[in-house]
Every structure is written in C-alpha cells, then in structure tokens.
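>>> Prediction below, plus the sequence it came from.
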Amino acid sequence: MPLTVEKISEGTVIDHLKAGSGAKVLSILSNAYPLNKMAALIMNAPSKKFGRKDIVKLEGVFLDEKTANRVSLIAPSATINIIRNSKVVEKRAVEMPKSLSGTLRCPNPKCITNLERAETTFVRVDAGHLRCRHCERLFAPEELA
C-alpha cells in the first residue's frame, strides 16, 4: 500500500534531491529553523531525471539565502518550491554562489578562522571545489556542509 504524504498549505518543498541526500538536507534545515510543524522526508521516490530521488517538505518554513546556499552544497540539482495557499507560487533551482561568507566552518583545524574570531569565506573555484580565503585550501562542497 503506497504512503501518501499530505499537502502543505504554507511552506517549502525541496525537490530533485539525489537519493540519499535528503537526510543531510533535513539536518541542515533543522539546525537553521525550528521544525515545530509538519516536516516530511521522502526517500527513494521514483524520478525521471535521477531514477530515484529524495524530497523534503516543511510546513511553515521559508528558506533564507544562507540556508539555500548550504543546501546547494549537498544538492546542487535541487529545486526549491515555495507554497502559499496550497499552491506553488515560486519555483527556483538552487545555485551555488560564487562565495559563501560566515555560514560555514573551515575543516582545516589550523585555519585562522578556527583559532581566532575571523569570519570564514569560501570562494567557488569550479563546480566541485571551494577555496578557503584564509588558509587557501580546496574543499569539496560536501566537506563543508
């Protein structure tokens, strides 16, 4: 018997997540927002684009730019759908920005940002790497999220 997930009237649906990445995305979101209303994680749903995909639905949550940028590190092909009055009013693809400031921690334990009070900044080098502005090390997006 198939499980039916209830529609949300106000909130956000993050679609086209690569199968297996939904739990990590939900973790990012639960750190940024209090999930005190319905939150659904649908895993391994059929997808024409990927074969299988994950979907995250959040009632009463609307992503800010910093959180959407963090999601883009885990799910660069995701789509964010804004729902109002049970209808999709905005649909946009996530896009990894050219630089990220103050939202991530540098994985390099010797980076100055981990030793002193300095804001982190990562600059996108290409689709698969970001460089810490302070220690100059390259990181894959999933290492930062």
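Structure's in. What do you need?

>>> So what sits opposite residue 40 in the bridge?
Residue 40 has the following beta-bridge partners by DSSP bridges: residue 57.

>>> Return the distance of it relative to residue 93.
21 Å (C-beta to C-beta, to the nearest Å). In this view, the C-beta of every residue, glycine as well, is placed from N, C-alpha and C.

>>> One more: residue 48?
Here the criterion is C-beta to C-beta. By it, residue 48 lies 16 Å from residue 93.

>>> And the residue most central in space within the chain, which helix or strand is it part of?
Central residue of the chain (C-alpha atoms, centre = their mean): residue 71, 1.3 Å from the mean position. Secondary structure from DSSP states H and E places residue 71 in helix 65-74.

>>> partners of the next helix or strand after that helix, with directions?
Where DSSP H and E defines the elements, the next helix or strand beyond helix 65-74 is strand 79-84. If you go by DSSP bridges, strand 79-84 pairs up with strand 11-18 (antiparallel), strand 87-93 (antiparallel).

>>> on that earlier part again, so which of residue 48 and residue 93 has more stuff around it?
When residue 48 and residue 93 are compared for neighbours, residue 93 comes out ahead with 11 against 6, by other C-beta atoms under 10 Å.
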